[in-house]
Each structure stands twice: as structure tokens, then as C-alpha cells.
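Generate coordinates for the sequence data below:
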Amino acid sequence: MNPDRLLSAINKKGGIAESHRFNVIFNPPDTSLLNLDLEQVISSAVAGSFDAKNLVNDPRDITLLCRSVNMPGRQIQTFEFQAHKKMIKIPNGIINDDVNMSFLLTNDYYVKKMFENWMHNIFNVEDYYANYLDDYAVDVIIQQLDKNDIPVYGVKLKKAFPITMESITFDNNNENAINVLNVGWSYENYESQGSLTSAVSGLSNQLGSIFG
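Numbering: from 1, shown residues only. Next up is the predicted model:
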């Protein structure tokens, strides 16, 4: 392999895709721009850390606090069929990969409370009933960004919703550790999007977060 030809091919294609340049956009159902968590407001006021900006929830905070996510792959299901003295594989379905996200936790536990409320809306553990899919499922946009933070490729998870929220571990032996929340998702299907389509989808999703 000629290094110069490799470098030329990479540059011709816009450079190498970097794993730390990504974007995640979704609009949780029944969210409000107003922070109605009275306990948190009183607690921060008593602690002397109250900030009036915290009275408004910025939907872009979710994107900023997302530390990692996997863009799903796809596997074609097959069954074996005897044809002309040999076995061949016949496609009969698809399997989409699970999607997992990791979020940084802030001291107001904003992300955890958001997912707790969301999962409560999916399945009410007090009354023990499940809501309808359209009441809690949303579209989720996952984008690969270039060095200018412009989407170059993306996928849209259709009718996605969280199904697992992992436990949080506290540890006295590691003072420099930060707490994260790992969330697993289910979704109906996903579609691949080009740079322009993904940018439009992301913008539409963000505007939906702001204007409902």
C-alpha cells in the first residue's frame, strides 16, 4: 500500500471520520421548557448555588451531556435451503442492533430524572399498566460530524424509547471518577440519512423540542 495514495484517497473523501465527533438529538415526550422541580430549586437556593438559568430546561443540554452512543448496524436473517446439491442461504428478515447511550450526570440529576419520568410514562409501576406506543415513542437522530461540526451521515431511529436504565455505582476508592448513566433503547426500525437529510431531520427535531 502506497502511503501517498492512501492519504490522497482519504483527503478526497473529506478526511477520516472521528469517533468523538457525533451528535444525538431527540425530544423526550411531555417535557417542559420550565423546570418545575421545586425540591431542586429550594435545595440549590439553600446551598447558595441557585442560578436563574436553571429555571429553563435547554433541550440542547441532552446532546451536550451524551458521552457516547453507538450507531446501529444491521444483520440479514437467513434460512438454509437445499438447491442443486448444496445448501444456500435465503434472506427472510433483518435484525437491527441495540442502541446504547451514556450520559454524564450533573448534580441536579437532570438526565436521570428525565429518563425516570419517561420510563414511568411507558410503564406505570404504581398502577401496573403500559401506555400506547405513540404516547412515548419518539424519533432519535444520531449523526457523524466532520471537523466543522457539520453532519456528514446519520441514522434516524423510528419510534424509539428507553427500555433499560443501568444502576449507578458510588465508590470511595476513586475520588476522580465521574458518574454516568447508561441507557438502552428499543426502536421500530432505522433509516440511513445523507448529510443534508440528517441536518434537516436534526434541526426539525430540535425545533420540536423548543416549540413543542
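
Quick one: find the helix or strand in the chain with the lowest mean pLDDT.
Scoring the helices and strands of the chain by mean pLDDT, DSSP states H and E places helix 38-47 at the bottom, with a mean of 65.

Please tell me I have it right and residue 184 contacts residue 98.
Yes - judged on Cβ atoms under 8 Å, residue 184 makes contact with residue 98 at a distance of 6.3 Å. All C-beta spots, glycine's among them, are computed from the backbone N, C-alpha and C.

Residues in contact with both of the two, list them for me.
When contacts are counted by Cβ atoms under 8 Å, 6 or more residues apart in numbering, residue 184 and residue 98 have no shared neighbour.

Just say helix, strand or coil for residue 82.
Following DSSP: H, G, I helix; E, B strand; the rest coil, residue 82 is assigned to strand.

Give the bridge partners for it, please.
When assigned by DSSP bridges, residue 82 has beta-bridge partners residue 87.

With residue 158 instead?
Assessed by DSSP bridges, residue 158 has beta-bridge partners residue 189.

now residue 140
residue 26, residue 157.

ditto for the one 5 residues further on
Here residue 145 sits in beta bridges with residue 151, going by DSSP bridges.

And for it, the neighbour number?
By other Cβ atoms under 10 Å, the residues close to residue 145 number 19.

gap between it and residue 26?
Separation of residue 145 from residue 26 (Cβ to Cβ, to the nearest Å): 16 Å.

Just the helices from this protein, written as ranges.
Assigned by DSSP state H, the helices in the chain fall at 3-12, 38-47, 60-65, 110-122, 133-136, 195-211.

need those helices in CSV with mean neighbour count, can you?
Converted to CSV, the helices of the chain look like this (neighbours: other Cβ atoms under 10 Å):
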stretch, mean neighbour count
helix 3-12, 9
helix 38-47, 12
helix 60-65, 16
helix 110-122, 16
helix 133-136, 13
helix 195-211, 16
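
Residue 168: which of the ones you listed is closest?
For residue 168, the closest of these is helix 110-122, at 7.7 Å, according to Cβ to Cβ.

Next, the residues that contact that closest one from outside, please.
Residues contacting helix 110-122 (Cβ under 8 Å, 6+ apart): 28-31, 37, 57, 61-62, 65, 103-105, 130-131, 135-136, 161-162, 165, 168, 181, 183.

Could you measure from residue 94 over to residue 179?
36 Å.

Tell me which of these two has more neighbours.
A direct count of neighbours by other Cβ under 10 Å for residue 94 and residue 179 places residue 179 higher, at 15 against 10.

neighbours of residue 78, just the number please.
Using other Cβ under 10 Å, residue 78 has 12 other residues around it.

For the remainder of this discussion, apply numbering that starts at 810.
Happy to do that; since the first residue is 810 now, the last one works out to residue 887.

Looks like it contacts residue 903 (just checking).
No - using Cβ under 8 Å, residue 887 is not in contact with residue 903; the gap is 10.4 Å.
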